[in-house]
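Chemist: build me a structure from this.
(3 chains)
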Amino acid sequence: MEIIQEILKYIGLAFIVMGSIFLFLGALGIYRMPDLYNRLQAGTKASTLGAMSVVLGVGFIQPDWLVKLIIIIVFIGIANPLSSHALARASYRAGIKPYFKKEIDAYGKAVEKQLKKIKKKLQNLNE
Amino acid sequence: MALLLFLIVMAIILIAAAIFSIVQKDLLFAVLGTGVISLILSIFFYILQAPDVAITEAAIGIALTTIIFIITIRNTTRDENKYNDDHINKFKTKKDV
Amino acid sequence: MFKKLIVFILIGVIGYMLTVTFSNIPLGENRIGSLDNPETVSAFYLNKSPQDLKVANTITAIVVNFRGFDTLGEVTVLFLAATGLASILYRKEDEEEEENIKHFAHRLNLPSSSLVRTGAKILFPLLLLLGIYVFIHGHLTPGGGFQGGAIIATGFLLMLISYKGFQTNHKVMVWLESLAGLGFVGIGLYGLIAYGSFLQNTGWTGNLNDLISGGLIPLIYIFIGIKVATELTNVLDILLNIKPRKK
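Modeler: I've put the predicted structure just below:
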């Protein structure tokens, strides 16, 4: 029984570390994204996963509390995406427009350069 | 040692949120600053071994006080200078949504 | 300029008095009053509460039993605030509703999306259940009447925001609030008549950590929980439906 408790404790610690990494990445995403809609996506997805992982890790360290913690995980999984959906709808109706970059076609220039190189080679071959 | 560092960082964020909510001109952001103060205060109450006060502060300070302030702001103006809402109206489109 | 000078002098005086008062408390000594130093007031309460009253949560015992009169004062202050708000802003339904709807369009113009409506329907009974659990088990787990009432008010707020035509029955809320307040004062008067002191704690004290233990403490917390929940729901309902006065 002691060995099983030790193994479960290390699994729980691994879950907590992974959860805190995801929470930090979510906060970094909110800081760096250029637009409201991008920030909503980064914040909700990363922080929901991080919160669920931390709570599950605590559940592995103390196996007595596991049933209550699973109820908390289900509640977080229902409530977080719902609130982010409501925020996005409300901000669209209030009139906030998304962010469009001016040059979208970044791949087209590389294709043009390749075509020019192939044409030069063909001309050199023909001459 | 780690607990002391954590408490110092939380105290700095608390003072920064308080100064932010005083200096802001847009009233909606100031109300959200008050919500952040209530959140950090609730964590402090839990660390100092008072779970009853932490639950009360979390339920009333974050949810109900912020909502009542937002309803009041909706009935009145959103900016401190009452007749000048231009820097907020530029986000709205022409249609009546 | 003169006003600012007076303000600074007053702040200096109050700061000096606070410093003199707080410097009498030695820094670093354990004043939390555990069972180690039995001379402080908190050690007296910590000893008496599990042995005589058989209540596991000492804070509940202090709030309801040892200092119950102050809780009556706090409930009165909440009642005064809600009544004052309702006396200014509440108006009954009228027949001429068209101008009011155009001028203050505070109900939703467009309905919410179906995701939000379904989610609110799922979460509302769970929130009510959590709130009732918190104030019934007030003497065993951290919590109590005020916390449970705030959670129930948050559940009603979720439904009020998501649905366009959701109305709470105003008469039922008002009657529940008044009867709960009367119940609290009635328990105090019963103690006064039967035993000679206001809010005397009688009743069945069972074992520690039982649901029925501690005399009248769970009953008082049930009354406080119902009163706070209906009061805060009333305040939110009035604030969301403000109508202008008739000219």
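
Chemist: okay, which residue is most central for chain C?
Modeler: Nearest residue to the geometric centre of chain C (C-alpha atoms, centre = their mean): C:Phe146, 3.2 Å.

Chemist: what's the strand or helix carrying it packed up against?
Modeler: Assigned by DSSP states H and E, C:Phe146 belongs to helix C:145-162. If you count contacts as 3 or more C-beta pairs under 8 Å, 6 or more residues apart in numbering or on different chains; DSSP states H and E, helix C:145-162 packs onto helix B:51-56, helix C:114-136, helix C:217-240. No exception for glycine: its C-beta is placed from N, CA and C like everyone else's.

Chemist: ok, back up a step: isn't the residue nearest to the centre of chain C right next to B:Ile55, touching?
Modeler: No: C:Phe146 sits out of contact with B:Ile55 when judged by C-beta atoms under 8 Å, with a separation of 9.2 Å.

Chemist: list residues touching both of those two?
Modeler: With contacts taken as C-beta atoms under 8 Å, 6 or more residues apart in numbering or on different chains, C:Phe146 and B:Ile55 have no neighbour in common.

Chemist: how about the helices in the chain?
Modeler: In the absence of a named chain, chain A is used. Using DSSP state H, the helices of chain A run over residues A:2-32, A:36-61, A:66-94, A:106-126.

Chemist: meant chain B actually
Modeler: Taking DSSP H as the criterion, chain B contains helices spanning B:2-23, B:27-47, B:51-56, B:65-75, B:86-89.

Chemist: which outside residues touch the second one?
Modeler: Read it as helix B:27-47. For helix B:27-47, the external contacting residues (C-beta under 8 Å, 6+ apart) are B:3, B:7, B:10, B:13-14, B:17-18, B:20-22, B:24, B:53-54, B:57-58, B:61-62, B:65-66, B:69-70, B:73, B:77-80.

Chemist: any quick ChimeraX command for the buried ones out of those?
Modeler: Here is the ChimeraX selection string for the buried members of the contacts of helix B:27-47, based on 16 or more other C-beta atoms under 10 Å in any protein chain shown:
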select /B:14,17,21,53,54,57,58,61,62,69,73,79
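
Chemist: which of the contacts of helix B:27-47 come close to chain C?
Modeler: Contacts with chain C within those, counted by C-beta under 8 Å from any C-beta of the partner chain: none were found.

Chemist: can you report how many residues neighbour residue 73?
Modeler: Looking at chain A here, since you left the chain open. 14 (other C-beta atoms under 10 Å in any protein chain shown).

Chemist: hmm, no, I was thinking of chain C.
Modeler: Neighbourhood size, C:Gly73 [other C-beta under 10 Å]: 8.

Chemist: swap in A:Lys113?
Modeler: For A:Lys113, the count of nearby residues is 9 (other C-beta under 10 Å).

Chemist: flag every residue of chain A that's near chain B.
Modeler: For chain A, the contact set with chain B under C-beta under 8 Å from any C-beta comprises A:93-97.

Chemist: need those in TSV (columns: neighbour count, pLDDT and distance to chain C).
Modeler: Shown next, in TSV, are these (neighbours: other C-beta atoms under 10 Å in any protein chain shown; pLDDT from 0 to 100; distance: C-beta to the nearest C-beta, whole Å):
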residue	neighbour count	pLDDT	distance to chain C
A:Arg93	11	81	7
A:Ala94	11	80	12
A:Gly95	14	80	14
A:Ile96	16	85	16
A:Lys97	11	84	19
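
Chemist: any idea which of those is closest to A:Ala42?
Modeler: If you rank the residues of chain A next to chain B by distance to A:Ala42 using C-beta to C-beta, A:Ile96 comes first, at 16.7 Å.

Chemist: from B:Ala63, how far off is the closest one?
Modeler: Distance, A:Ile96 to B:Ala63, using C-beta to C-beta, to the nearest Å: 25 Å.

Chemist: repeat for C:Ala43
Modeler: Relative to B:Ala63, and taking C-beta to C-beta, C:Ala43 is found at 36 Å.

Chemist: name the nearest residue to A:Phe60, sequence neighbours excluded.
Modeler: Of all residues not flanking A:Phe60 in the chain, A:Gly12 sits nearest, at 3.4 Å (C-beta to C-beta, 6 or more residues apart in numbering or on different chains).

Chemist: typo on my end, C:Gly203
Modeler: C:Gly215 (3.8 Å).

Chemist: Three-state assignment for that neighbour, please.
Modeler: Assigned with DSSP: H, G, I helix; E, B strand; the rest coil, C:Gly215 falls in the coil class.

Chemist: so for it, what's the pLDDT?
Modeler: C:Gly215 carries a pLDDT score of 79 in this model.

Chemist: and A:Gly108, what's its pLDDT?
Modeler: Per-residue confidence (pLDDT) for A:Gly108: 77.

Chemist: do B:Asp85 as well
Modeler: 58.

Chemist: and the longest helix along chain C, average pLDDT?
Modeler: Counting by DSSP H, the longest helix found in chain C is helix C:170-195. Helix C:170-195 carries an average pLDDT of 90.

Chemist: quick one: that helix to chain centroid distance?
Modeler: Its chain's C-alpha centre and that of helix C:170-195 lie 15 Å apart, by C-alpha atoms, centre = their mean, to the nearest Å.

Chemist: what's the answer for stretch A:32-52, then?
Modeler: Here stretch A:32-52 is found 6 Å from its chain centre; the criterion is C-alpha atoms, centre = their mean.

Chemist: circling back to that earlier point, now for the longest helix of chain C, which elements pack on it?
Modeler: If contacts are counted by 3+ C-beta pairs under 8 Å, 6+ apart, helix C:170-195 sits against helix C:68-89, helix C:217-240.

Chemist: the bottom helix or strand of chain A by mean pLDDT?
Modeler: Each helix and strand of chain A was given a mean pLDDT (mean pLDDT, DSSP states H and E); the minimum falls on helix A:106-126 at a mean of 84.

Chemist: actually chain C, not the one I typed
Modeler: Ranking every helix and strand in chain C by mean pLDDT, DSSP H and E puts helix C:98-103 at the bottom, with a mean of 52.

Chemist: what sits against residue 73?
Modeler: With no chain named, the answer covers chain A. With contact set as C-beta under 8 Å, 6+ apart, A:Ile73 has these partners: A:52, A:55-56.

Chemist: my question was about chain B
Modeler: If you count contacts by C-beta under 8 Å, 6+ apart, then B:Ile73 has B:27-28, B:31 around it.

Chemist: ok, now C:Val75?
Modeler: Neighbour list for C:Val75: C:181, C:184, C:224, C:227 [criterion: C-beta under 8 Å, 6+ apart].

Chemist: from C:Val64, how far off is the residue nearest to the second one when sequence neighbours are not counted?
Modeler: Computed as C-beta to C-beta, 6+ apart, the closest residue to C:Phe184 that is not its neighbour in sequence is C:Phe223, at 4.7 Å. As defined by C-beta to C-beta, C:Phe223 lies at a distance of 11 Å from C:Val64.

Chemist: where does pLDDT dip in chain C?
Modeler: Scanning chain C with the threshold set as pLDDT under 70 gives C:26-38, C:93-109, C:244-247.

Chemist: one more time with 50, if that's ok
Modeler: Under the criterion pLDDT under 50, the flagged ranges of chain C are C:102-107.

Chemist: can you list the residues of it near chain B?
Modeler: Counting by C-beta under 8 Å from any C-beta, chain C comes close to chain B at C:59, C:104, C:106, C:142-144, C:146-147, C:150-151, C:153-154, C:157, C:232, C:235-236, C:239-240, C:242.
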